[in-house]
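Q: Give me a model of this one.
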Amino acid sequence: MHFGIHVPTFADYADARLLADLAREAEIAGWEGFFLWDQIAVDWPVPVVDTTVALAAIALNTDRIRFGPLITPLARRRPWKVARETATLDRLSSGRLILGVGLGDGAQEFDNLGERADRRARGVMLDEALEVVTGLWRGEAFDYEGTHYSIKQAFFTPRPMQSPRIPIWVAGVWPNKRPFRRAARWDGVFPLWREQFFNQMMPVERVKEAVAFVRERRSAETPFDIAHWGLTSGTDQAQNADTVATYAEAGVTWWLENISPWRFGWEKGAWPLEAMWERIRQGPFGSASIVAARSTPHRG
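A: I've put the predicted structure just below:
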């Protein structure tokens with residue numbers, strides 16, 4: 001099991017320097033990943049920081065921690081720009097990037113900005129964009145003809161540092177099947193569920209269903225990650241370990257701790273920034289020594 005932090009990029013987090021400092025603190029405390037939401041807009045007046053710029057700051061302010069966007073809605077991005085950005089980030093960090101992708105949601109990011117809002121069309125765009133991004137990563141002359149993208153003799157170098165490619169995790173809302181069929185073709189899955197809110201974890205039985213569905217459709221024998229978004233106290237080590245162990249038995253390989261202003265739900269108001277810092281500094285179980293003893297090497 002690997003342990004990471006998952007944070008938004010707006011409100012109190014709309015500061016690339018702050019996010020880079022949080023990532024550094026997470027690395028020191030024994031966390032193994034630091035992942036950012038990727039939103040271009042939100043539906044109320046609030047500051048928002050650019051995710052790619054923040055990731056560059058994180059790459060330069062850390063040495064070991066894995067990091068990346070979770071998730072990037074590729075349907076509202078130019079895939080060739082994503083290919084260039086991610087290859088640069090991967091080399092900047094000496095091969096530590098993970099690329100999380102999905103459909104995205106919300107009128108503020110699609111309808112209101114003139115982007116495609118139809119989910120089925122965005123799904124096709126996502127599949128095509130993944131072919132384009134990974135094709136360009138190969139650093140060879142690349143041609144592609146799809147419904148939404150057309151490329152002729154594109155040649156992108158330098159390649160990403162990781163081989164055979166930067167790991168790609170695909171997000172999906174269970175029990176929708178299409179995202180999980182898509183995920184089976186790549187390197188990992190980030191399952192969510194319809195009833196999920198800021199302070200609710202996906203029930204372990206639903207995680208097992210999603211994991212089984214994906215594994216049945218995997219043809220490659222390469223490593224495959226299951227990322228789960230959850231909450232632990234950071235103070236009750238035994239309870240935290242038991243909670244994480246339950247999800248590990250369900251197949252989860254990455255525990256992503258929810259660190260956001262709404263960690264305890266809207267009804268309790270915003271979680272103070274000082275509390276977010278403290279939870280990160282506590283480490284996954286409230287003790288960095290426990291993390292060191294239980295963590296396993298990254299694949300990369």
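Q: Please count neighbours and contacts with C-alpha atoms only from this point.
A: Fine.
Q: so who does residue 115 touch?
A: 76, 109 (Cα atoms under 8 Å, 6 or more residues apart in numbering).
Q: any weak-confidence spans in this protein?
A: 194-199, 265-269, 286-300 (pLDDT under 70).
Q: show me the residues around the most centrally placed residue in the chain that make contact.
A: Nearest residue to the geometric centre of the chain (Cα atoms, centre = their mean): residue 70, 2.4 Å. Contact analysis of residue 70 by Cα under 8 Å, 6+ apart lists 6, 35-38, 99-101.
Q: Recalculate using a threshold of 10 Å.
A: By Cα atoms under 10 Å, 6 or more residues apart in numbering, the contact list for residue 70 reads 6-8, 34-39, 51, 98-102, 169-171, 190.
Q: Restricted to strands, list the residues you listed.
A: 6-7, 34-36, 99-102, 169-171, 190 (DSSP state E).
Q: what helix or strand does residue 87 sit in?
A: When elements are assigned from DSSP states H and E, residue 87 belongs to helix 79-92.
Q: and what of residue 56?
A: helix 51-61.
Q: Now that helix: buried residues?
A: Neighbour-count burial for helix 51-61 flags 51-52, 54-59, 61 (criterion: 16 or more other Cα atoms under 10 Å).
Q: Quick check: which helices or strands does the helix or strand following it pack against?
A: Downstream of helix 51-61, the next assigned helix or strand under DSSP H and E is strand 66-69. Counting contacts by 3 or more Cα pairs under 10 Å, 6 or more residues apart in numbering; DSSP states H and E, strand 66-69 is packed against strand 2-7, helix 16-29, strand 33-36, helix 51-61, helix 79-92, strand 99-102.
Q: and if we set it to 7 Å?
A: strand 33-36, strand 99-102 (3 or more Cα pairs under 7 Å, 6 or more residues apart in numbering; DSSP states H and E).
Q: Residues contacting the next helix or strand after the last one, please?
A: Which is strand 99-102. Sequence order places helix 119-137 as the next helix or strand after strand 99-102, per DSSP H and E. Contacting residues not belonging to helix 119-137 are listed as 74-75, 79-80, 82-83, 103, 116, 142, 146, 148, 155-156, 159-160 [Cα atoms under 7 Å, 6 or more residues apart in numbering].
Q: ditto for stretch 186-194
A: By Cα under 7 Å, 6+ apart, stretch 186-194 touches 167-174, 183, 202, 223-228.
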